[in-house]
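here's a sequence, model it:
(one chain, ligands or ions: 2)
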Amino acid sequence: MSALNVRDSYDVNALEIPPMEQRTKVQGVGAHVSASIGSPEVGSPTKYFTKMLENNCSAGKARRGMNGEFVSTYDERIARCGGNREPFLIGVAGGTASGKTTVCDLIMQNLQEQRVVLIAQDSFYRPLTAHERENVGSYNFDHPDAIDTACLKDVLHKLMLRLPVDVPVYDFVTHSRSEETIRIESGDVIIIEGILVLAMEEIRNMCHMKVFVDTDDDLRLARRLKRDTVDRGRSVDGVITQYTMFVKPMFDAYVSPSKRHADVIIPWAQGENSVAIDLIVQHIRTKLGQNDLRRIYRNLVVLPPQFQIRGMHTIIRDRSVNRSDFVFYSDRIIRLVVEHGLGHLPFNEHVVFTPTGDQYKGVTFCSKLCGVSIIRSGEAMENALRACCKGIKIGKLLIERRDRDGLRRAESDPKVGSPQSETCPRILYEKLPHDIADRFVLVLDPILATGVSAQAAVDLLLDRGVKEEKILFLSVIASTQGVHHLCTRYPRMKVITSEVDAGLSDDNKVLPGVGEFGDRYFGTEIPSMASLQTDQDGTLFD
Ligand SMILES: O=P(O)(O)OC[C@H]1O[C@H](OP(=O)(O)OP(=O)(O)O)[C@H](O)[C@@H]1O
Ligand SMILES: O=c1cc[nH]c(=O)[nH]1
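Ligands and ions are numbered 1, 2, ... in the order given. Okay, here's the model as predicted:
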C-alpha cells in the first residue's frame, strides 16, 4: 500500500466516517448546479460545482459523429468561447477548515459573468484495495498518495481543452469509486480546491494561479472540532485522535510547505478578506480578457454577457422553438441591442427643472440620426428602433448576396484578392433619407456572417457622404469572421452585437448561429432535411 501508515492498528469506528450523502441541487435562478458527496475532510464535502452548464455540443462544423452527435475541433470549441485559448485554472489549497470553500464561493460569486467550474480534490481519492479497506483505520487519507493524481490530471487536462469530463464519485462508506460519474462541462475558470492541491507537483504546475488560504492552526482545529461534533455527530475524542494521528502530521509534512508555491497567500480569520478576493477576481478578469475580441477590435461592442441575454439566446438558438417565441425573444434582444447602440451616440448637456423646483443636470439625445435596414431580416429591427426614437426615419437597402461559395473563393483566392470583385453583392434597391450625409446612421441587420452584405451597405453609405465614424452597425449575432471583416475595414465605425459566434459553415451560415434568421422570424421556413429526419423524440434516424 502506498499510503502512509501512521499507526499499525486503528479503530475504524473511532473515525466515525459520516454516512455517504449524495445530493444534487439547483441553486439560484437555474444557473448554479452542484452535487456533493460526503468526505473524510469533514465539513468540506466533495464538490462539483458549475456556475453554468454550457451546451458544448450545440454545434460544430455541421458534422456529426458516429452516434449522431456534433463533432467539433479544439479550435472550433476555442473560437466558440470567444477566442480564449484555454480556461483559467486556479488551485486553492490550505489546511483543513482553513476556509478554502468560502474563498472559492466568493471567487465564484464575484465572477458572475464567467462560467466557473469548481472541482474538489476529494473526488479523486484512490479506491482502496481489499487489504487497505480491512485496515481502513490506519489508512492515511491526508497523504498525497491517497489521491489518484493521474485521474485528476486527466480531468483537468480535458477541462483545459474545453472538453466535458466525467468526474469520479468516491464512496466514502465502501472506500471505492462508484459506478456512476458526474458529467461536467468545462468553463472559463476552473477551480481545483483541496488540502494537497499545491503539494502535488503535476497539479500545481498546471495552475495559472495558486492560492493558499492561511489560517491559524488553533482556529482551524477549533473550527474542525465544532464542525465535526456539531454537524457530523462525532465525539471530541474521535476528532482529536484523527487530527493528531493524520491531519496534523500531514499538514506539517505536505500542506504547510506547499505554501511557498503559492502566488497569493490569503490570511483568513473570522471575517472575509475582501481585499484579497477583489484582487484575485480582478486578476482573473484581466487574464480572461486578454484574448477577448474586444481587445483586438476597439470598435467592437458586445453586450455584457449576462445570463439574461444568454437565456434569450438559448431560446432563439433552439431549433425546436416555435415561431412566436423566436420572434418574442429576438425582439427582446433586438431592443437591448438598439438601446445599447443609441448609448454610443453623442449627447449634449441639458439642464431641466424638476417639479420640486430643483435642477437636474441631464443630457439631450442626438437628433440627427436615422436607421437603415438591410432587407429583409434588418426590417425585424425597425420596430425596436421606432420604439426608442419617436418618428425616426428609416431607410432600406436590398442587397443581392450572389453565390456564397463564390464569395468564399474570392476571399481565399489570392489572385482574386478581396470580395470586391465580380462576386461582390449588388445593391438591388436603395431608399435613403436625402440628407443622410448629415446624420448618424444605425445600420440594422440581425446576422453578420461573412460581412460582405454589411460591407456593401457601408460602402454605399460612405459613397452617399456618410462619415465612417457616424455609422453604427447593429446585429444580434456576429461571427468572428464578420467582426474581423467589418472592424478591420472600417476602424471608425462601431459594430454592436449581443453575441459573437465562433465561425461559419461551408455555406457561410453562422455557427452555432440561429439558422436562417429571416425565415424563422417571418415564418417562411422550409422544413430542413434534419428536421424531416427527426422523430418525435428529437433523435435522428440513421
Ligand atoms: O454577412 P453575410 O455573409 O453577407 O450574411 C449576412 C446576411 O445574411 C442574412 O440575410 P439573408 O441573405 O439570409 O436574407 P434575408 O434577410 O432575406 O433572410 C442577414 O440578414 C444578412 O443580410
Ligand atoms: O447564419 C446565417 C447566415 C446568414 N443569414 C442568416 O440568416 N443566418
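
mind listing the helices in the stretch 301-450 of the chain by residue range?
Ranges of helices in the stretch 301-450 of the chain, per DSSP state H, counting those that start in this stretch, are 307-317, 323-342, 382-388, 404-412.

pLDDT (mean, whole number) over the last one?
The predicted model gives helix 404-412 an average pLDDT of 41.

what do you get for the shortest one?
Confidence over helix 382-388, taken as the mean pLDDT, stands at 97.

and it, what other elements does it pack with?
Applying 3 or more CB pairs under 8 Å, 6 or more residues apart in numbering; DSSP states H and E, one finds that helix 382-388 contacts helix 323-342, strand 369-375, strand 393-400, strand 440-444. C-beta here means a position set from N, CA and C on the backbone, and glycine is covered the same way.

name the element whatever residue of the chain ends up closest to ligand 1 belongs to?
Proximity of the chain to ligand 1 (CB to the nearest ligand atom) peaks at G518, 2.3 Å away. Counting by DSSP states H and E, the element that carries G518 is helix 517-522.

buried set for that helix?
Along helix 517-522, these residues count as buried under the neighbour rule (16 or more other CB atoms under 10 Å): F517, G518, R520, Y521.

okay, the helices and strands packed on helix 382-388 in a markdown table with mean neighbour count, mean pLDDT and distance to R298 next?
Below are those laid out as a markdown table (neighbours: other CB atoms under 10 Å; pLDDT from 0 to 100; distance: least, CB to CB, whole Å):
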| stretch | mean neighbour count | mean pLDDT | distance to R298 |
| --- | --- | --- | --- |
| helix 323-342 | 19 | 98 | 16 |
| strand 369-375 | 23 | 97 | 22 |
| strand 393-400 | 18 | 96 | 26 |
| strand 440-444 | 26 | 98 | 19 |
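
columns distance to T96 on top of those, output as TSV?
Formatted as TSV, those follow (distance: least, CB to CB, whole Å):
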stretch	distance to T96
helix 323-342	47
strand 369-375	62
strand 393-400	65
strand 440-444	58
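
residue contacts, the nearest residue to the residue of the chain closest to ligand 1 once chain neighbours are set aside?
In space, and not counting its chain neighbours, G518 is closest to S377: 4.1 Å by CB to CB, 6 or more residues apart in numbering. Applying CB atoms under 8 Å, 6 or more residues apart in numbering to S377 gives the contacts D445, P446, I447, F517, G518, Y521.

switch to 10 Å and redo it
Residues near S377 by CB atoms under 10 Å, 6 or more residues apart in numbering: 330, 444-447, 453, 475-476, 516-522.

where in the chain is the helix or strand with the lowest mean pLDDT?
Using mean pLDDT, DSSP states H and E, strand 22-27 stands out as the lowest-scoring helix or strand of the chain, at a mean of 20.

convert the C-alpha atoms of stretch 127-147 to CSV, please.
Coordinates of each C-alpha in stretch 127-147 appear next as CSV, following Å, rounded to 0.1, in the frame of the first residue of the first chain:
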residue,chain,number,x,y,z
PRO,A,127,-10.2,3.3,-4.4
LEU,A,128,-8.8,1.3,-1.5
THR,A,129,-7.6,-2.3,-2.1
ALA,A,130,-9.3,-5.1,-0.1
HIS,A,131,-6.4,-5.1,2.3
GLU,A,132,-6.5,-1.3,2.8
ARG,A,133,-10.2,-1.5,3.4
GLU,A,134,-9.8,-4.1,6.1
ASN,A,135,-7.3,-1.8,7.8
VAL,A,136,-9.0,1.5,7.0
GLY,A,137,-8.3,2.8,10.4
SER,A,138,-4.7,3.0,9.6
TYR,A,139,-5.2,4.4,6.1
ASN,A,140,-3.9,7.9,5.7
PHE,A,141,-6.4,10.0,3.6
ASP,A,142,-4.3,13.1,4.2
HIS,A,143,-1.2,11.8,2.3
PRO,A,144,-0.7,12.7,-1.4
ASP,A,145,-0.6,9.0,-2.3
ALA,A,146,-4.2,8.8,-1.3
ILE,A,147,-5.1,10.8,-4.3
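
can you pull the buried residues of it?
Residues of stretch 127-147 classed as buried by neighbour count (16+ other CB under 10 Å): 128, 132, 135, 137-144, 146-147.

residue contacts, M206?
Shown in contact with M206 (CB under 10 Å, 6+ apart): L89, G91, L152, K153, L156, H157, M160, I190, I192, M200.

which among those residues end up buried?
When the contacts of M206 are checked for burial by 16+ other CB under 10 Å, the buried set is L89, G91, L152, K153, L156, M160, I190, I192, M200.

what does the stretch 251-400 of the chain put close to ligand 1?
Within the stretch 251-400 of the chain, the positions near ligand 1 by CB under 6 Å from any ligand atom are I374, R376, S377.

filter those down to the ones close to ligand 2.
Answer for those near ligand 2 (CB under 6 Å from any ligand atom): S377.

closest to V173 among the residues of the stretch 251-400 of the chain next to ligand 1?
The closest of these to V173 turns out to be S377 (CB to CB; 58.4 Å).

can you check the pLDDT for the closest one?
If you check S377, the pLDDT there is 97.

quick one: L288 from ligand 2, how far?
27 Å (CB to the nearest ligand atom, to the nearest Å).

give me the mean pLDDT for the host helix or strand of that residue.
For L288, the enclosing helix or strand under DSSP H and E is helix 274-289. Mean pLDDT, helix 274-289: 87.

buried residues in it, which are they?
Applying 16+ other CB under 10 Å to helix 274-289 flags A276, I277, I280, V281, H283, I284, R285, L288 as buried.

next: stretch 161-171.
By 16+ other CB under 10 Å, the buried positions in stretch 161-171 come out as R162, V165, V167, P168, V169, Y170, D171.

do I have it right that the first one meets E185?
Just to be clear, that refers to R162. Yes - using CB atoms under 10 Å, R162 makes contact with E185 at a distance of 8.6 Å.

quick one: pLDDT of the residue of the chain closest to ligand 1?
97.

give me every residue that touches it.
Listed by CB under 10 Å, 6+ apart, the contact set of G518 reads I375, R376, S377, G378, E379, A380, P446, I447, T524, E525.

give me the phi and psi for the second one.
Backbone geometry at R376, expressed as degrees, to the nearest 10, gives phi -110, psi -30.
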